[in-house]
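1. could you work out the structure for the sequence below:
(one chain, ligands or ions: 1)
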Amino acid sequence: MPKLMPSHVDVLITGGGPVGATLALALKDSGLKVMVLEANSDFSRPADPRALALSQGAKILLQRLGVWGAIEAPSPIETIHISQRGGFGRALLQASECGLPALGHVVNYSALSTALHQALAANSAYYLTGATVHAVHNTPGFGVAEFSHAGQQHEVTASLLVLADGGRSLGAVRGVERHVVDYGQTAVICHVTSEFPHRNTAYERFTPYGPMALLPSGAGFDLVWTALPEEAETLLQLDDKAFLEKLHERFGDRLGAFTSAGRRASFPLSLKYARPVTAQRMALIGNAAQAMHPVAGQGFNLGLRDAWELGEAIMRVPRAEIGNAAMLAGYREGRSPDTGGSILFTDVLVRLFSNDYHGINLGRGLGLAALDLLPAAKRFVARKMIFGAKG
Ligand SMILES: Cc1cc2nc3c(=O)[nH]c(=O)nc-3n(C[C@H](O)[C@H](O)[C@H](O)COP(=O)(O)OP(=O)(O)OC[C@H]3O[C@@H](n4cnc5c(N)ncnc54)[C@H](O)[C@@H]3O)c2cc1C
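-> Numbering: from 1, shown residues only. You can find the predicted model right below:
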């Protein structure tokens with residue numbers, strides 16, 4: 001922790017999760033005074049079992065920040081197999097067809113957080129863990145955060161206040177509207193093993209009850225099973241044997257029987273987004289700006305690009321212009337096609353693939369079959385998934 005708590009900094013980041021930490025690291029050689037306030041103080045335990053599918057683009061950014069090599073056991077995805085239950089049509093996206101060694105990698109959320117935390121602790125003079133922000137507000141000249149740390153209350157001002165708290169903890173922000181679309185779905189996540197090996201293939205299977213993803217991870221898979229909330233509750237209660245049988249029944253025979261299941265956890269799913277993503281002396285990034293359904297594995301990949309591009313926007317202007325209206329408008333307008341496109345793509349995918357109407361079923365099958373037959377379309381989809389709308 002800093003020897004003297006600063007009263008004013010250039011950039012204050014509330015939330016040192018994957019996205020906030022990325023922004024702080026992107027600014028580490030800028031010469032600016034950058035402060036990070038992170039509520040968590042214990043990075044020694046793998047507290048969050050969530051798996052993240054990171055695109056090849058995300059890997060490149062994390063390599064530039066010097067963090068990639070410190071992430072424990074990333075598993076490559078060389079093929080993505082997309083299919084629908086109870087209908088024809090399937091598509092295969094292959095890294096080799098796109099001239100890439102991998103389409104992406106699967107990492108554990110906690111392993112990523114720990115690697116970023118260690119890099120921040122080594123590089124940032126003003127990185128405070130165990131610091132919980134209670135309130136934020138803005139004035140024409142600066143953003144303000146009130147927080148508690150080690151039993152003391154503090155207030156710090158900043159030319160630019162960045163909200164990277166994941167969108168859950170800080171209430172209303174003047175000038176920003178929050179929108180919520182509840183999908184009425186819950187994700188049940190769990191590590192499972194199967195009779196047949198994964199051969200670095202990720203499976204995306206659409207079912208009438210919601211999409212299901214099996215991401216290659218170590219010797220097994222990280223499962224994201226989307227279900228109606230009541231069914232999710234039942235899935236959490238089943239013993240391992242019954243859970244694995246149900247998974248086999250829902251996923252089909254492609255991987256043989258499922259042989260073991262780790263700890264199960266659940267996440268309610270909705271689309272939450274803030275508009276605009278900037279306010280006087282403030283910017284919202286990552287899940288604080290948009291939290292999406294995990295169906296397309298876009299959330300962190302998009303948040304990472306928010307952090308990277310905000311870092312670039314900050315470093316492009318003289319120090320006195322950081323956080324002013326022109327700088328923030330440039331950032332906001334530059335991000336809009338990528339964030340808008342990713343939100344729309346994910347939302348359409350959830351709605352299109354979460355029902356069982358015969359006509360739609362047929363259309364989906366034709367769409368998947370067409371995608372499989374058109375190399376140019378496959379490369380287009382792969383590039384968008386890897387590098388975002390600008391890909
Ligand atoms: C089941 C599931 C699967 C997913 N799969 C994928 C995937 O495959 N690929 C992908 O790209 N994305 C995926 N996502 C989305 C991804 O997890 C998020 O987009 C990503 O975690 C966002 O990072 P963030 O730093 O913005 O927010 P968070 O991860 O929520 O981090 C916020 C940080 O802020 C801190 N904080 C919160 N409040 C305060 C406060 N008041 N004061 C100080 N600190 C605070 C928290 O402790 C935390 O460290 C998935 C999400 C779910 C739920």
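2. report how many residues lie close to K33.
-> Neighbour count of K33, defined by other Cβ atoms under 10 Å: 17. Just so you know, the C-beta spots here come from the backbone N, C-alpha and C atoms, and that holds for glycine as well.
3. any idea how far the lengthiest helix in the chain is from the chain center?
-> When the chain is parsed with DSSP state H, its longest helix is helix 325-352. Put simply, helix 325-352 sits 14 Å off its chain's centre (Cα atoms, centre = their mean, to the nearest Å).
4. what does stretch 134-148 give?
-> The answer for stretch 134-148 is 26 Å, by Cα atoms, centre = their mean.
5. for that stretch, measure first residue to last.
-> 8 Å (Cα to Cα, to the nearest Å).
6. what mean pLDDT does it have?
-> Here stretch 134-148 scores 95 as its mean pLDDT.
7. rewinding a little: any buried residues in the longest helix of the chain, and which?
-> 327-328, 331-332, 335, 338-339, 341-343, 345-347, 349-350 (16 or more other Cβ atoms under 10 Å).
8. does that helix come close to the ligand?
-> No. Interface with the ligand: helix 325-352 contributes nothing (Cβ under 6 Å from any ligand atom), its closest point being 9.9 Å away.
9. circling back: just the buried residues of helix 325-352: which has the poorest pLDDT?
-> L349 (76).
10. if we can go back for a sec, other SSEs contacting the longest helix of the chain?
-> Where contact means 3 or more Cβ pairs under 8 Å, 6 or more residues apart in numbering; DSSP states H and E, helix 325-352 is packed against strand 177-194, strand 210-217, strand 265-275, strand 278-279, strand 282-284, strand 290-291, helix 299-316.
11. tell me the helices and strands packed up against the last one.
-> Contact analysis of helix 299-316 by 3+ Cβ pairs under 8 Å, 6+ apart lists helix 18-26, strand 51-55, helix 56-64, strand 290-291, helix 325-352 as its packing neighbours.
12. which stretch among these comes nearest A265?
-> A265 lies closest, by Cβ to Cβ, to one member of the helices and strands packed on helix 299-316: strand 51-55, at 11.0 Å.
13. contacts for the closest one?
-> Outside strand 51-55, the residues that touch it by Cβ atoms under 8 Å, 6 or more residues apart in numbering are 18, 62, 74, 77, 103-109, 112, 189, 191, 202, 213, 215, 217, 222, 224, 297, 300-301, 385-387.
14. pull up the pairing partners for it, direction included.
-> According to DSSP bridges, strand 51-55 forms sheet pairs with strand 104-108 (antiparallel).
15. anything in the strand it pairs with near the ligand?
-> No. Strand 104-108 lies out of reach of the ligand by Cβ under 6 Å from any ligand atom, never closer than 7.5 Å.
16. now do that strand: distance to the chain's middle.
-> 11 Å.
17. and the next helix or strand past it?
-> Note on strand 104-108: by DSSP states H and E, the next helix or strand toward the C-terminus is helix 109-123.
18. tabulate the helices and strands packed on helix 299-316 (a markdown table), appending distance to N40.
-> Below are the helices and strands packed on helix 299-316 laid out as a markdown table (distance: least, Cβ to Cβ, whole Å):
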| stretch | distance to N40 |
| --- | --- |
| helix 18-26 | 11 |
| strand 51-55 | 17 |
| helix 56-64 | 20 |
| strand 290-291 | 18 |
| helix 325-352 | 26 |
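19. out of these, flag the one nearest H117.
-> Closest approach to H117 among the helices and strands packed on helix 299-316 (Cβ to Cβ): helix 18-26, 6.8 Å.
20. now whichever helix or strand comes after that closest one and helix 109-123, what's the angle there?
-> Sequence-wise, the next helix or strand downstream of helix 18-26 (DSSP H and E) is strand 34-38. Orientation check (axes from the mean of the first three to the mean of the last three Cα atoms, to 10 degrees): strand 34-38 against helix 109-123 gives 140 degrees.
21. tell me the strands beside strand 34-38, with direction?
-> By DSSP bridges, strand 34-38 pairs with strand 8-14 (parallel), strand 126-129 (parallel).
22. most tightly surrounded among these?
-> strand 8-14 (a mean of 24; mean count of other Cβ atoms under 10 Å).
23. which residue does the stretch 51-200 of the chain bring closest to the ligand?
-> In the stretch 51-200 of the chain, the residue that lies nearest the ligand is G166 (2.4 Å; Cβ to the nearest ligand atom).
24. same question, the stretch 1-150 of the chain
-> Counting by Cβ to the nearest ligand atom, the stretch 1-150 of the chain gets nearest the ligand through G17, at 2.2 Å.
25. tell me who's in contact with that residue.
-> E38, S113, A164, D165, G166, G286, N287.
26. centroid residue for this structure?
-> Residue closest to the mean C-alpha point of the chain, counted by Cα atoms, centre = their mean, is F300 at 2.1 Å.
27. thought that one was touching V19?
-> Yes. The pair F300 and V19 passes the contact test of Cβ atoms under 8 Å, sitting 7.2 Å apart.
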